[in-house]
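K.L.:
Fold the following, please.
(4 chains)
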Protein chains: 2
Amino acid sequence: MTKPTPHRAAALDEITGSAIPGWAILVVQVNNVVATRLGVTDTDVQCLHVLGRHGPATPGALATRVNLTTGSASRMIDRLVAAGCVRRVPDPGDRRRVLIEPTQEGLDQVRAAYAGLVDRTRADLDAFTDGELDAILRFLRAAERSTEAEIQRLR
Amino acid sequence: MTKPTPHRAAALDEITGSAIPGWAILVVQVNNVVATRLGVTDTDVQCLHVLGRHGPATPGALATRVNLTTGSASRMIDRLVAAGCVRRVPDPGDRRRVLIEPTQEGLDQVRAAYAGLVDRTRADLDAFTDGELDAILRFLRAAERSTEAEIQRLR
DNA sequence: ACACATCAACTGCGTGACGCAGTGAAATTA
DNA sequence: TAATTTCACTGCGTCACGCAGTTGATGTGT
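P.N.:
Sure thing, here's the model as predicted:
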């Protein structure tokens, strides 16, 4: 077992040290370009992503997800409301709370902005077998969990 | 061929519509947390990532990679110099140009900030076979190319 | 029932990152 | 050599953000 796979160690290094960072840099950049296109802030699109993924949320919950104070989140929501991407809905259960829910227009704008990238990625995935696709999916889910855990730790 | 794999279509949708976006959101968030920890801006860490990946670059090249004007890049470099992460080196070949190169301290700081996440990811990757690892690596490289291409298109 | 503490979202104010427009220096070209 | 282009770099205004305080609603103890 002194030499399980020399190739394997190299692959691990390349994935963690080069491929993931390289991709992450471009993800940040494409988000920035999209934000500029939509005429909003990077933080705003991040907020829209969170809403599209987890559904309506309170300003407070939104603030923690995008690393903002509640005050700054308030202003961010003002901007998104003004842009027609988001709506303020009173929480029937607790009249202190307000729920922020994305408008159809907001969801469509974000979806359209990333449609090109999604298409390219689908095309990329054509080159893989069903089993490889499954492995990729499992990896992405694992990375999601690990990144989430690391965020919690770093706070 | 009317039913190549029903499972495959579902996997494609989940990867492009859920797994990648979900991970991307967290990548942005972890970058933000790291930036706060290092006492610099999100843009600053993005710049450090670019430098760590592509080596020394001129302020102009750096500006395009982080979507900034050359003026704002100048100030960003000022901040990074003040933080001891970066050095200005005159270009011997063209005396108008200045090369920005990361200091060892800057590289170490970034590396340390992400060490926990890298460790987690390596642990995640233990669960995959050599062949699966190879598929994951090929996918990441393809995603990198596609994202790069989409950025060019959106400009 | 009534005060009192808590928790939610929201506002004034200061700081700072950014874009824009202009400057100066060096290189390229006519 | 003169004109143009291409760099990096600076005043200035705008706007996103954090901080601290406000308002209103919900619980909580006596």
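
K.L.:
near DNA strand D, which residues of chain A show up?
P.N.:
Counting by CB under 7 Å from any atom of the strand, chain A comes close to DNA strand D at A:41-43, A:67-72, A:75-76, A:79, A:94-96. No exception for glycine: its C-beta is placed from N, CA and C like everyone else's.

K.L.:
Among these, name the buried ones.
P.N.:
Neighbour-count burial (16 or more other CB atoms under 10 Å in any protein chain shown) applied to the residues of chain A next to DNA strand D gives A:D42, A:T43, A:N67, A:L68, A:M76, A:R79.

K.L.:
picking up where we left off before, and the residues of chain A next to DNA strand D near DNA strand C, which?
P.N.:
A:T70, A:G71, A:R75, A:R96.

K.L.:
Does at least one residue of stretch A:116-135 sit close to chain B?
P.N.:
Yes. For stretch A:116-135, a contact with chain B is found by CB under 8 Å from any CB of the partner chain, at A:116-118, A:120-125, A:127-128, A:130, A:132-135.

K.L.:
Out of these, which is nearest to A:V30?
P.N.:
A:L117 (6.6 Å; CB to CB).

K.L.:
So what's the residue count around that closest one?
P.N.:
22 (other CB atoms under 10 Å in any protein chain shown).

K.L.:
now do A:D78
P.N.:
With other CB under 10 Å as criterion, A:D78 counts 12.

K.L.:
host element of it?
P.N.:
In this assignment (DSSP states H and E), A:D78 forms part of helix A:70-82.

K.L.:
for A:R96, same thing?
P.N.:
A:R96 belongs to no helix or strand, assigned by DSSP H and E.

K.L.:
so what's it scoring on pLDDT?
P.N.:
We have a pLDDT of 96 for A:R96.

K.L.:
Distance of it relative to B:F128?
P.N.:
A:R96 sits 47 Å away from B:F128, going by CB to CB, to the nearest Å.

K.L.:
Show me where chain A has its helices.
P.N.:
Ranges of helices within chain A are A:6-14, A:20-38, A:42-54, A:59-65, A:70-82, A:104-125, A:130-154, based on DSSP state H.

K.L.:
Any idea which of those gets closest to B:T36?
P.N.:
Of all those, helix A:130-154 comes closest under CB to CB, at 8.9 Å.

K.L.:
isn't A:V86 right up against A:E101?
P.N.:
Yes. Using CB atoms under 8 Å, A:V86 is in contact with A:E101, at 7.1 Å.

K.L.:
what about those two, which has more around it?
P.N.:
For A:V86 versus A:E101, neighbours defined as other CB under 10 Å are more numerous around A:V86 (25 against 13).

K.L.:
Now stretch A:146-155: buried residues?
P.N.:
Buried residues in stretch A:146-155 (16+ other CB under 10 Å): A:S146, A:T147, A:E148, A:E150, A:I151.

K.L.:
where does chain A dip in pLDDT?
P.N.:
A:1-4 (pLDDT under 70).

K.L.:
Enumerate the residues of it near DNA strand C.
P.N.:
Counting by CB under 7 Å from any atom of the strand, the residues of chain A near DNA strand C are A:58-61, A:70-71, A:73-75, A:77-78, A:88, A:96-98.

K.L.:
Relative to B:L107, which of those is nearest.
P.N.:
A:A73 (33.8 Å).

K.L.:
What sits closest to the closest one if chain neighbours are left out?
P.N.:
A:A63 (3.7 Å; CB to CB, 6 or more residues apart in numbering or on different chains).

K.L.:
So what's the residue count around the one you found?
P.N.:
For A:A63, using other CB under 10 Å, the count is 20.

K.L.:
residues in contact with it?
P.N.:
A:T69, A:T70, A:S72, A:A73 (CB atoms under 8 Å, 6 or more residues apart in numbering or on different chains).

K.L.:
And the closest residue to the first one other than its chain neighbours, how far from A:S72?
P.N.:
Sequence neighbours aside, A:A63 is the residue nearest to A:T69 in space, at 6.3 Å (criterion: CB to CB, 6+ apart). Taking CB to CB as the criterion, A:A63 is separated from A:S72 by 7 Å.
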